[in-house]
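**Q** what shape does this take:
(2 chains)
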Amino acid sequence: MAFLEINNVNKSFSKDTVAVQDFNLQVQTGELVSFLGPSGCGKTTTLRMVAGFEIPTSGRIVINGKDVTDVPPNQRNVGMVFQAYALFPNMTVAGNIGFGMKIAKKPPEQIKKRVEEMLKLIHMDGFGERYPYQLSGGQQQRVALARALALSPSILLLDEPLSALDAKIRVMLRSEIRSIQQQLGITTIYVTHDQEEALSISDRVVVMYQGRMEQVGPPFEIYNFPQTEFVAQFVGTLNSVEAEVVDPAGQILQLSGQKIQAAQGVENKQPGAKVKISIRPERLSFANEEKKANLLECTVETITFLGSIVRIRVDVGSLLLNMDTFNNPFLELPKIGDRAQVTFSREAVLVL
Amino acid sequence: MMRGGKVWAWFIMFLGVLYFFLPLLATFIFSLKARLGELSFQAYINIFNSPQFMYNFLASVLWAVFTIIVGILLFVPTAFVIRLRVPKARSSVEFITLLPFVIPPIVYVFGLVRTYSQPPLLIVDSPFLLIAGYTILSMPYMYRSVDTGLRSIDVRTLTEAAQSLGAGWTTILFRVILPNIRTAILSGAFLSFAIVIGELILAQYLVKPAFAPYMAYVMQQKAFEPAAMAIVSFALTWIAMGIISLIGRGQQVQVAGGR
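**A** Take a look at the predicted model:
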């Protein structure tokens, strides 16, 4: 049995607005699952229902075998970390971390010991007597994490915990969160709109759109085998173009007058039908080194240097495709306006 | 151009200060003339030695303290719940809190007397009615101070953070919300204090001992003592204001979610 079960949960705030629709998820003990999606997709609402801040319109939420759907948030024993840190400004770091234990009427020595343990866990020994306003954003969020973990909650909930931080601290802190989560083996739900964040720290990702679960799976699967156009578009960058079915049995399509072959997904289409296909930019390469199953004649349109990668935009007939290649100092790049051939495998063609 | 504007600004400010301080200065000088031919604090000595003054003054202080307590107990939870749960009601509640500015106290006190001087609500003699009345008159100050205080913290997130750590409503209110709006509550309290000390009509018509009605009474009998009392009441108000700004300055403004 899963540790956290979200069964057939629906939530609407008024008659016409549905925030979450038919949400079903089983989270195993110690698993980190992210809810990924654009703002307004229902990810935070779902998290808040697990925390108890919102009550589902229908459906049940079960934590460790106990139905908590109607249990108030202060009796659920879930730890929560907010985007806005939400440290209590009138309390020191130690006061914040020990707050939950103080409410639970734990003896002072035990609280003190636990606070010190927690400070060690977040690498902030000696910060106990400081006030939140004396800390940087990253430090405040680490304290918020320690505060949420101090009571040894059954589930840790993180609501866009890194969105308010600088890019560098964000990357550092997310691996710290992941390592603490794995160290404690705590079941965790992580809400984010940042696909890189979700892909890098999760055991599984739930991609959400307009209140619905679009796809659930490990990061690798979500990125490489998106099942819907939304997932393909939202996770990573993508070339999404229209093609015409030529031969369903042979998986042959026509793109701007040139034939290409997919690995799967065309068999059920009618000849002549228009279909959306997607190809990741990194799956394309120039054909001068290695030729793959598909080959397209093109003209180089623009070249954009993005640091670790170089993005080349090529014109295939009337369609523009992005191609990503790793940067290296000896990279021989074509010139704008050059004729070239791009190549990609059959598997790179995602028919949606 | 800038210089000219600045000079004018200072000049107009100077006029404003004169307008405000001259009558006060005149009252002060007058209050020192209780003894013929010399300046003395005789009028002040007289009023502080008068048992009636102390009686009425302490009565007002007592009313003020109760008004502040009732005000805090009433308006802090109200403003908190409105911010948290019914933000849509904010504008109408704000309008209600401003009503004491619009309705003259004399109209208000007649309403109180009429409503509460017949059974089953025969409580017109009770000091509680007076305190209730003062609470309403000080509502614009108390409620707005508290509301401003709540605006400076992220009430909702702090509440939820406390909830997820196991706190109930009382704990949240007393350990999380109140300490963080302490300055706002104190400034509301001192404003309420100043209002109650200076309020004439309510106590007069509800026939209760209070500082302002006593001052009005003395004014009809004596010359210098009322002037001295006016200065004393001004001084009290200013001390209250001074304390507000002192507390405000010492406070580290810290907003949840602030970076």
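
**Q** got the contact list for stretch A:201-211?
**A** With contact meaning C-beta atoms under 8 Å, 6 or more residues apart in numbering or on different chains, stretch A:201-211 is reached by A:18-21, A:25, A:31-38, A:40-43, A:46, A:174-175, A:177-178, A:190, A:198-199, A:213-219, A:222, A:230-231, A:234-235. The C-beta positions use only the backbone N, C-alpha and C, and glycine is treated the same way.

**Q** number of residues surrounding residue 36?
**A** Unless you meant another one, I'm taking chain A. With neighbours defined by other C-beta atoms under 10 Å in any protein chain shown, the count for A:L36 comes to 29.

**Q** not quite, I wanted chain B
**A** Other residues lying near B:L36 total 5 when counted by other C-beta under 10 Å.

**Q** before we move on, what about B:L137?
**A** As a burial measure, B:L137 scores 22 neighbours (other C-beta under 10 Å).

**Q** so it sits in a helix?
**A** Yes. Inclusion of B:L137 in a helix is indicated when DSSP: H, G, I helix; E, B strand; the rest coil is applied.

**Q** how much space is there between it and B:P100?
**A** With distances taken as C-beta to C-beta, to the nearest Å, B:L137 is found 5 Å from B:P100.

**Q** helix/strand/coil for the residue of the stretch 101-250 of chain A found nearest chain B?
**A** Nearest residue of the stretch 101-250 of chain A to chain B (C-beta to the nearest C-beta) works out as A:Y133 at 4.2 Å. With three-state DSSP as the basis, A:Y133 sits in helix.

**Q** next one: B:Y217
**A** With three-state DSSP as the basis, B:Y217 sits in helix.

**Q** residue 179: which element?
**A** Looking at chain A here, since you left the chain open. helix A:167-184 (DSSP states H and E).

**Q** switch to chain B, that's the one I care about
**A** Counting by DSSP H and E, B:P179 is part of helix B:178-180.

**Q** ok, residues contacting the helix or strand just after that helix?
**A** For helix B:178-180, the following helix or strand on the C-terminal side (DSSP H and E) is helix B:182-198. For helix B:182-198, contacts defined as C-beta under 8 Å, 6+ apart pick out A:90, B:60-61, B:63-64, B:67-68, B:71-72, B:75-76, B:134, B:137-138, B:141-146, B:148-150, B:152, B:178, B:211-212, B:233, B:236-237, B:240-241, B:243-244, B:247-248, B:251.

**Q** following helix B:182-198, which helix or strand comes up?
**A** Immediately after helix B:182-198, counting by DSSP H and E, sits helix B:201-205.

**Q** report the buried residues of that following helix.
**A** Buried residues in helix B:201-205, defined by neighbour count with 16 or more other C-beta atoms under 10 Å in any protein chain shown: B:I201, B:L202, B:A203, B:Q204, B:Y205.

**Q** what average pLDDT does stretch B:84-94 get?
**A** Averaging pLDDT along stretch B:84-94 yields 90.

**Q** hmm, it in reach of chain A?
**A** No. Residues of stretch B:84-94 contacting chain A under C-beta under 8 Å from any C-beta of the partner chain: none, with a closest distance of 11.2 Å.

**Q** contacts for that stretch?
**A** Taking C-beta under 8 Å, 6+ apart as the rule, stretch B:84-94 contacts B:T78, B:I82, B:R83, B:Y143, B:R144, B:D147, B:V155, B:R156, B:T159.

**Q** element containing the fifth one, please.
**A** Taking DSSP H and E as the definition, B:R144 sits inside helix B:127-151.

**Q** and chain A, is that helix touching that?
**A** No. Judged by C-beta under 8 Å from any C-beta, helix B:127-151 makes no contact with chain A; its nearest approach is 12.0 Å.

**Q** okay, now the unreliable bits of the stretch 151-259 of chain B?
**A** Across the stretch 151-259 of chain B, the ranges flagged by pLDDT under 70 are B:248-259.

**Q** one step back: how deep is the residue of the stretch 101-250 of chain A closest to chain B tucked in, by neighbour count?
**A** The local packing of A:Y133 (other C-beta under 10 Å) involves 13 other residues.

**Q** now swap in A:N8 and tell me
**A** Residues within reach of A:N8, counting by other C-beta under 10 Å, total 12.

**Q** okay, the helix holding A:S179 in PDB with CA atoms only?
**A** Output of helix A:167-184 as PDB, limited to C-alpha atoms (Å, rounded to 0.1, in the frame of the first residue of the first chain):
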ATOM      1  CA  ALA A 167      19.600  31.100  -9.900                       C
ATOM      2  CA  LYS A 168      22.900  29.900  -8.300                       C
ATOM      3  CA  ILE A 169      21.500  29.400  -4.800                       C
ATOM      4  CA  ARG A 170      18.500  27.700  -6.300                       C
ATOM      5  CA  VAL A 171      20.600  25.000  -7.900                       C
ATOM      6  CA  MET A 172      22.700  24.600  -4.700                       C
ATOM      7  CA  LEU A 173      19.700  24.400  -2.400                       C
ATOM      8  CA  ARG A 174      17.800  22.000  -4.600                       C
ATOM      9  CA  SER A 175      20.500  19.400  -4.400                       C
ATOM     10  CA  GLU A 176      20.700  20.000  -0.600                       C
ATOM     11  CA  ILE A 177      17.000  19.500  -0.300                       C
ATOM     12  CA  ARG A 178      17.300  16.300  -2.300                       C
ATOM     13  CA  SER A 179      20.100  15.000  -0.200                       C
ATOM     14  CA  ILE A 180      18.400  15.800   3.100                       C
ATOM     15  CA  GLN A 181      15.200  14.100   1.800                       C
ATOM     16  CA  GLN A 182      17.100  11.000   0.900                       C
ATOM     17  CA  GLN A 183      19.100  11.000   4.100                       C
ATOM     18  CA  LEU A 184      15.900  11.100   6.100                       C
END
